[in-house]
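Q: let me see the structure of the following:
(2 chains)
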Amino acid sequence: MSDWREDKKQGRLTNLRSPKAPKSVITLDGRVRNALEIGRTRLIVAGTLMALAFVVISIRLVDLTLLQGPKTNNNTAQIIDEAPPVQTVRADIVDRNGIVLATTLPTASLYAEPRKVPNPESAARLIADILPEISQDKLLKKLTSDRGFIWIKRNLTPRQQYAVNSLGIPGLNFETEQRRFYPHGNLGAHLIGFTNVDNKGLAGIEQSFDKALREKPEPVELSIDLRIQHILNEEMSRSMKEFSAIGAAGIVMDVNSGEIISSVSLPNFDPGNPGEASDDSRFNRATLGIYEMGSTFKLLTSAMALDEGVASVYDGYDVSKPIRVSRYTINDYKPLKRWLSVPEILIYSSNIGTVQMAMEVGTEGQRKYLSNFGLLRPASVEVSEVGTPLVPSPWREINTMTISYGHGIAVSPLQLSSAISSVVNGGKLKPATFIKRPPSDIPEGRRILSEKTSAYMRDLMRLVVLHGSGRNANAKGYLVGGKTGTADKLKGGRYVKNSRVSSFVAAFPMNNPRYVIYVMVDEPKGTKRTYGFATGGWVAAPVVKRVVERMAPLLGIQPVHIEDADISGNTLLKKAKARMEGRKIAAR
Amino acid sequence: MKNFVLTLWIVVGAACAIVLFQVKHEVTDLEDQLASVEYKIKSDKQSIRILLAEWSYLNRPERLARLSSQYLDLKPLDPSQIVTVQNIPKRDQKFEDGTNIKLPGSATNASVGITQ
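A: Sure thing, here's the model as predicted:
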């Protein structure tokens, strides 16, 4: 039976098996038919393969859209979201309380296409009203010229931009530019640093965190507290002015976390316009400058002597004779010519007594302790402006002697502040940082001194302020302890009188120290009020006092009744008082 | 039958086309909305940046100190303004002239002067 039948409706032959397929009418036999059969088979095979391919694709499509759909979808969306957005805005720098210290603002620059400005005269007049620094005549000349494009002013303030925009003059246009802006100007300029016109960091945190600021949108949080920074800055400026000094440096450090709460270097500069600042004002005295610290080193010497056990706080030394070593003579500023106890050596700042303590510790011991205090290598902090300490080489006996009272070694204020922090905080050196440390991330620190030594040192520092050269630092209501330091400056290899660095290093509150304050004034000159003195006790100690009195209420430190707190908290005072009572009873 | 199938396909095709066209239209609409919202977010963020910077600028400690001394009658806290609970006299405690109250900050005790 044939597959083909006549279809009357369509007027042609139709295949019974697939009625839709039109088919040629001719039936063939033999060779031609064979060829046709082969062609058909091939078509079927090809068709089946294609159909299979489509089925596979459909299955995959269903799989992707319905089965795996939502998951895959999410991933793609996330990838798009998380793909590093082309960050054009440099991230902010903020202080520990989130106050913006450096930010990037879009500024508009005004340009004109003179040919499109319909009425140049009135346009020039209106623009000159808004931008008073532009002369109306010059602007008119520019606007009437036949050029296609002229800059009128770069970096307008938002208010100026708004005003120009609302003029609605055709032919005036804005080009947006990004500009780094420092709302607090000179405050903390050395630390924050500055950028160049392409917003690339050139100094301070701007430089060391350049990559992070560029790539991450999160602000960099500094350990600085702007309020304290302001207080320190203001009080130091006042002192610098009063004593006609050439510079000053100050640091406030949290002794328990190693965070630097404030770091001031004077004179300072405007980071928004660093090009106009002199090299001297751009120089960071607090971290980059290195100085012979003078008597503040006596704290370190007595700490190592107490810690090594070569001296106890009840021991004493004969300071009646100057020490002569080869051609050097070591004498006291105010010779007392008698036997002094260890607390007295610090209170009266005796060089002779300190040298004797250092000699008992020995050269190797001194070197070991100073190295542990981190004074022999550059401080490792987050800025590149770090001074390399000047250390004697070779380290002879005479060096040991002079270093004991802070001469013959030069370190940066930052290094000394860290070292003193470890002296008062229970004997652990915490690495200093300019970046805020969350409470969970405070390093354990390395033990340098025993708890007991640290406790004695706190008592001794308090005694210096109560009875010694640091009296001017005795703040009202807060237990301040510290040590003065006055060092003649080395110029051309010789010590110059009347050119000195006067400093004071303090910690407070002394019964449970939280902050170390270091203040240094460079080349102060004595005044009438100070009877011509320009020593650390006269110049730097009052600064510390005022800073403590102003910052303590801000930081929530409870004031105490000074006399009571001294007696109950200071073991040495307690013992001395008991001994006095004992003597009184014996005398009766 | 065959016509019916053909018509069905045409109808289905047309419906698909209409639905597709509508979906496409909606997507374009949404995309426009998205773009405008994104632009708004961007410009709001920009404004926030500017306002934060201005806020920080207006809060310069030096300016606040100046304004405070100009308009407010406030003074820095004196340690003697703070008294601990232990140092507050008991209710039944009798006061005589010269009773000592320990105020923080003072090196010596404040003496009570009782005025009738």
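
Q: how much space separates residue A:301 from residue A:343?
A: Distance, residue A:301 to residue A:343, by Cβ to Cβ, to the nearest Å: 14 Å. Yep, even glycine has a C-beta here, placed from its N, CA and C like the rest.

Q: state the helix or strand in which the spatially most central residue of chain B lies.
A: Nearest residue to the geometric centre of chain B (Cα atoms, centre = their mean): residue B:52, 11.1 Å. Remark: residue B:52 resides in helix B:2-58, with elements defined by DSSP states H and E.

Q: now do the end-to-end distance for stretch A:159-177.
A: For stretch A:159-177, the separation between the terminal residues is 16 Å (Cα to Cα, to the nearest Å).

Q: now check that stretch, is it near chain B?
A: No - Stretch A:159-177 lies out of reach of chain B by Cβ under 8 Å from any Cβ of the partner chain, never closer than 9.6 Å.

Q: mind listing what's buried along that stretch?
A: Within stretch A:159-177, the residues that count as buried by 16 or more other Cβ atoms under 10 Å in any protein chain shown are A:160-161, A:163-164, A:169, A:171-172.

Q: could you report the neighbour count for the single nearest residue of chain B relative to chain A?
A: The nearest approach of chain B to chain A comes at residue B:79, 2.5 Å away (Cβ to the nearest Cβ). By other Cβ atoms under 10 Å in any protein chain shown, the residues close to residue B:79 number 22.

Q: quick check: which element contains the single nearest residue of the stretch 201-350 of chain A relative to chain B?
A: Proximity of the stretch 201-350 of chain A to chain B (Cβ to the nearest Cβ) peaks at residue A:230, 3.6 Å away. Applying DSSP H and E as the criterion places residue A:230 in helix A:226-242.

Q: with only the CA atoms kept, save that helix in PDB.
A: Provided in PDB are the C-alpha atoms of helix A:226-242 (Å, rounded to 0.1, in the frame of the first residue of the first chain):
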ATOM      1  CA  LEU A 226      41.000  66.500  69.100                       C
ATOM      2  CA  ARG A 227      39.900  68.200  72.300                       C
ATOM      3  CA  ILE A 228      43.100  67.200  74.100                       C
ATOM      4  CA  GLN A 229      45.100  68.100  71.000                       C
ATOM      5  CA  HIS A 230      43.600  71.600  71.100                       C
ATOM      6  CA  ILE A 231      44.300  72.000  74.800                       C
ATOM      7  CA  LEU A 232      47.900  70.900  74.500                       C
ATOM      8  CA  ASN A 233      48.400  73.000  71.400                       C
ATOM      9  CA  GLU A 234      47.000  76.100  73.100                       C
ATOM     10  CA  GLU A 235      48.900  75.700  76.400                       C
ATOM     11  CA  MET A 236      52.200  75.100  74.500                       C
ATOM     12  CA  SER A 237      51.700  78.000  72.200                       C
ATOM     13  CA  ARG A 238      51.200  80.200  75.300                       C
ATOM     14  CA  SER A 239      54.400  79.000  76.900                       C
ATOM     15  CA  MET A 240      56.300  79.300  73.600                       C
ATOM     16  CA  LYS A 241      55.200  82.900  73.300                       C
ATOM     17  CA  GLU A 242      55.900  83.700  76.900                       C
END
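
Q: beyond it, next helix or strand please.
A: strand A:247-254.

Q: what does that following strand rub up against?
A: A:223, A:228, A:232-233, A:236-237, A:239-240, A:259-267, A:280, A:285-286, A:289, A:413-414, A:417-418, A:421, A:432, A:514-523, A:543, A:547, A:551 (Cβ atoms under 8 Å, 6 or more residues apart in numbering or on different chains).

Q: in its sheet, which strands sit next to that strand, and in what direction?
A: strand A:260-266 (antiparallel), strand A:515-522 (antiparallel) (DSSP bridges).

Q: reformat these as a markdown table; add mean neighbour count and mean pLDDT.
A: Below are the strands paired with strand A:247-254 laid out as a markdown table (neighbours: other Cβ atoms under 10 Å in any protein chain shown; pLDDT from 0 to 100):
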| stretch | mean neighbour count | mean pLDDT |
| --- | --- | --- |
| strand A:260-266 | 28 | 93 |
| strand A:515-522 | 28 | 94 |
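
Q: including distance to residue A:39, could the ones you listed go into a markdown table?
A: Compiled in a markdown table, the strands paired with strand A:247-254 are given as follows (distance: least, Cβ to Cβ, whole Å):
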| stretch | distance to residue A:39 |
| --- | --- |
| strand A:260-266 | 89 |
| strand A:515-522 | 97 |
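
Q: more neighbours, residue A:301 and residue A:343?
A: residue A:301 (28 against 22).

Q: so that one makes contact with residue A:357?
A: Yes - using Cβ atoms under 8 Å, residue A:301 is in contact with residue A:357, at 5.6 Å.

Q: can you check which residues contact both of those two?
A: Common neighbours of residue A:301 and residue A:357, using Cβ under 8 Å, 6+ apart, are residue A:404.

Q: quick one: stretch B:24-31 near chain A?
A: No - counting by Cβ under 8 Å from any Cβ, chain A is not contacted by stretch B:24-31; separation bottoms out at 13.7 Å.

Q: how far off centre is that stretch?
A: 36 Å (Cα atoms, centre = their mean, to the nearest Å).

Q: now swap in stretch A:240-254 and tell me
A: With Cα atoms, centre = their mean, you get 19 Å for stretch A:240-254.

Q: also stretch A:575-583?
A: For stretch A:575-583 - counting by Cα atoms, centre = their mean - the centre lies 48 Å from the chain centre.

Q: go on, stretch A:134-143?
A: Distance, centroid of stretch A:134-143 to centroid of chain: 45 Å (Cα atoms, centre = their mean).

Q: then stretch B:26-37?
A: 31 Å.

Q: now the strands for the stretch 351-500 of chain A?
A: Listed in chain order, the strands of the stretch 351-500 of chain A (DSSP state E, counting those that start in this stretch) span A:410-411, A:428-429, A:446-447, A:481-491, A:494-508.

Q: ends of stretch A:329-341, what's the gap?
A: End-to-end distance for stretch A:329-341, by Cα to Cα: 22 Å.

Q: just the pLDDT for residue A:533.
A: pLDDT for residue A:533: 83.

Q: give me the distance between it and chain B.
A: Computed as Cβ to the nearest Cβ, to the nearest Å, the residue A:533 to chain B distance reads 24 Å.

Q: for my notes, confirm that residue occurs in a strand.
A: No - read with DSSP: H, G, I helix; E, B strand; the rest coil, residue A:533 is coil and lies in no strand.

Q: now it: phi and psi?
A: Per-residue torsions, residue A:533: phi -80, psi 140 (degrees, to the nearest 10).

Q: how much space separates it from residue A:502?
A: 9 Å.

Q: swap in residue B:19?
A: Between residue B:19 and residue A:502 the computed distance is 86 Å (Cβ to Cβ).

Q: residue numbers of the stretch 1-150 of chain A in contact with chain B?
A: Residues of the stretch 1-150 of chain A lying near chain B by Cβ under 8 Å from any Cβ: A:20, A:89, A:99-101, A:103-106.

Q: which of these fall in helices?
A: In helices, judged by DSSP state H, none of the residues of the stretch 1-150 of chain A next to chain B are found.
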